[in-house]
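*Asks:* next input, structure requested:
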Amino acid sequence: MPDSVEQNRVLIYAGEDVVDLLVLNRLVPEMVQLGLKPVIIFPDKPKLTSPNLTNPAVMEYGFYQHDVLQETIIPFLEARPTVLDAEGNLKKDTCYTARQLANHFDLEVRNVQSVNSKSHINSISQDPTIIGALSVRCMQIFKSGAIDAIKDKGFFWNAHPGGLPDYRGVIPVFRAMLNGDKALRWTLHTIDEGIDTGPKHATTSQSVDPTKSVWWHYNTNADNVSAMLLQHIQDNINGKSIETYRQNKATGNYYSYPEVALTDKFNDMGGVLVEPRSKMEAMLAKIFVSQINPHREEFKAVLSRAIDVRLGSKNEGKFTLGDIVERGPRYGALELVGAR
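*Replies:* As a prediction, this is how the structure comes out:
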């Protein structure tokens, strides 16, 4: 390999939810500070077929985690000048879109139809600058060809929002809170051909606040998750040994989307997947537009109108089975909820 080729590119396969964007906002600037060039990749979401995707609670959660971000917040932010601090840097109290991050740091953003396609695998194999890859709640399942191509370059880690092997699968934060766990964990593990079954390297821990929603717990843990990823990237490029713990694939649990009876049980316990509408609007505004952002009031008005259109103003914006029947399967986007 020519000495002039700088090996500094890390592929980040990202989901398209609020939590994923929060992790990118913490992680990408720090990676750039290390001299790395993150390549942000958004794979197409696979078609999901679980009947529990029509569970109103799951649909409501997915709306606030994904739909309102993709359909309203990102278009709003990208249609306006990026708000920077007085020195021209990104503001610490603002969550930017992936394209705003890429434009600021001169990075690449890709959309790929399939992570397992021959063209995508070839693009990895033929790029001498790649040193590894991360998955941050990527929806697609990697197969051997893509896995081998990435591991030929270096590390291939996934940040899974649950303690493994106990909480494999989807919305593990909900399952842990339903089970009465006092702490929630994200697990960093190497990707293999199973689902959340690869060797583990590290975990984060977050105390459960029973007064807060599943949505809140996902999104407030972004700092811890980013710090875990960054530390292991630093250790890797510095040649430090990465601790590895094999999972017993025959143990643990794999969870799919919860049925109505389970989310009703969670509600009876005092738990909720999302906060009431008024609190959700306030939290989204706090994440994406700071108090001194010149677009703050306009953002809040546009967000409120979007929620009116999708949820209606009745019942604090809660989904009902009647809404599903009336509005049809597009309401709630049956492929919207992050599976990783």
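
*Asks:* list the contacts of stretch 93-110.
*Replies:* Stretch 93-110 is contacted by residues 14, 21-22, 24-25, 28-29, 32, 37-42, 74, 77-78, 82-83, 90, 287-290, 293 when judged by CB atoms under 8 Å, 6 or more residues apart in numbering. The way it works is simple: take the backbone N, C-alpha and C, and place the C-beta from them, glycine included.

*Asks:* distance between the ends of that stretch?
*Replies:* 26 Å (CA to CA, to the nearest Å).

*Asks:* can you give the distance of it from its chain's centre?
*Replies:* 15 Å (CA atoms, centre = their mean, to the nearest Å).

*Asks:* so which bits of it are buried?
*Replies:* Applying a neighbour-count criterion of 16 or more other CB atoms under 10 Å, one finds 94, 95, 96, 97, 98, 100, 101, 102, 104, 107, 109 buried in stretch 93-110.

*Asks:* switch these over to TSV; also include secondary structure, pLDDT and distance to residue 177.
*Replies:* Output for the buried residues of stretch 93-110, formatted as TSV (DSSP: H, G, I helix; E, B strand; the rest coil; pLDDT from 0 to 100; distance: CB to CB, whole Å):
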residue	secondary structure	pLDDT	distance to residue 177
94	coil	95	29
95	coil	97	24
96	coil	98	29
97	coil	98	29
98	helix	98	29
100	helix	98	32
101	helix	98	31
102	helix	98	34
104	helix	98	36
107	coil	97	35
109	strand	98	33
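
*Asks:* before we move on, back to that, helices - which of the contacts of stretch 93-110 land there?
*Replies:* Among the contacts of stretch 93-110, the residues falling in helices (DSSP state H) are 21, 22, 24, 25, 28, 29, 32, 74, 77, 78, 287, 288.

*Asks:* give me every residue that touches the second one.
*Replies:* Contacts of residue 22 were listed using CB under 8 Å, 6+ apart, and they are 95, 219, 222, 287.

*Asks:* and it, how close does it get to residue 306?
*Replies:* Distance check for residue 22 against residue 306: by CB to CB, to the nearest Å, it reads 20 Å.

*Asks:* ok, residue 104 next?
*Replies:* On the measure of CB to CB, residue 104 and residue 306 end up 26 Å apart.

*Asks:* assign a three-state SS to residue 297, would you?
*Replies:* helix (DSSP: H, G, I helix; E, B strand; the rest coil).

*Asks:* tally up the residues packed near it, please.
*Replies:* By other CB atoms under 10 Å, the residues close to residue 297 number 11.

*Asks:* check what pLDDT it gets.
*Replies:* pLDDT recorded at residue 297 is 96.

*Asks:* which stretches in the stretch 1-150 of the chain count as strands?
*Replies:* For the stretch 1-150 of the chain, applying DSSP state E, counting those that start in this stretch gives strands covering 9-14, 37-43, 108-112, 130-136.

*Asks:* residue 115 touches residue 13, doesn't it?
*Replies:* Yes: contact status for residue 115 versus residue 13: in contact at 6.6 Å, counting by CB atoms under 8 Å.

*Asks:* where do the contact lists of those two overlap?
*Replies:* Common contacts of residue 115 and residue 13 (CB under 8 Å, 6+ apart): 41, 43, 138, 140.

*Asks:* out of the residues you listed, which is most surrounded?
*Replies:* Comparing the shared contacts of residue 115 and residue 13 by number of neighbours (other CB under 10 Å), residue 138 comes first, having 26 neighbours.

*Asks:* any stretches of this structure with poor pLDDT?
*Replies:* The model of the chain has pLDDT under 70 over residues 1-5, 312-340.

*Asks:* give me the buried positions along stretch 211-222.
*Replies:* Within stretch 211-222, the residues that qualify as buried are 213, 214, 215, 216, 217, 218, 219, 221, 222, counting by 16+ other CB under 10 Å.

*Asks:* contacting residues around the third one?
*Replies:* What it means is residue 215. Going by CB under 8 Å, 6+ apart, residue 215 touches 18, 61, 64, 65, 273, 274, 275, 280.

*Asks:* what would the residues you listed look like in CSV with neighbour count and distance to residue 119?
*Replies:* CSV is the format used below for the contacts of residue 215 (neighbours: other CB atoms under 10 Å; distance: CB to CB, whole Å):
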residue, neighbour count, distance to residue 119
18, 24, 30
61, 27, 34
64, 25, 35
65, 25, 30
273, 27, 38
274, 22, 38
275, 19, 42
280, 23, 39
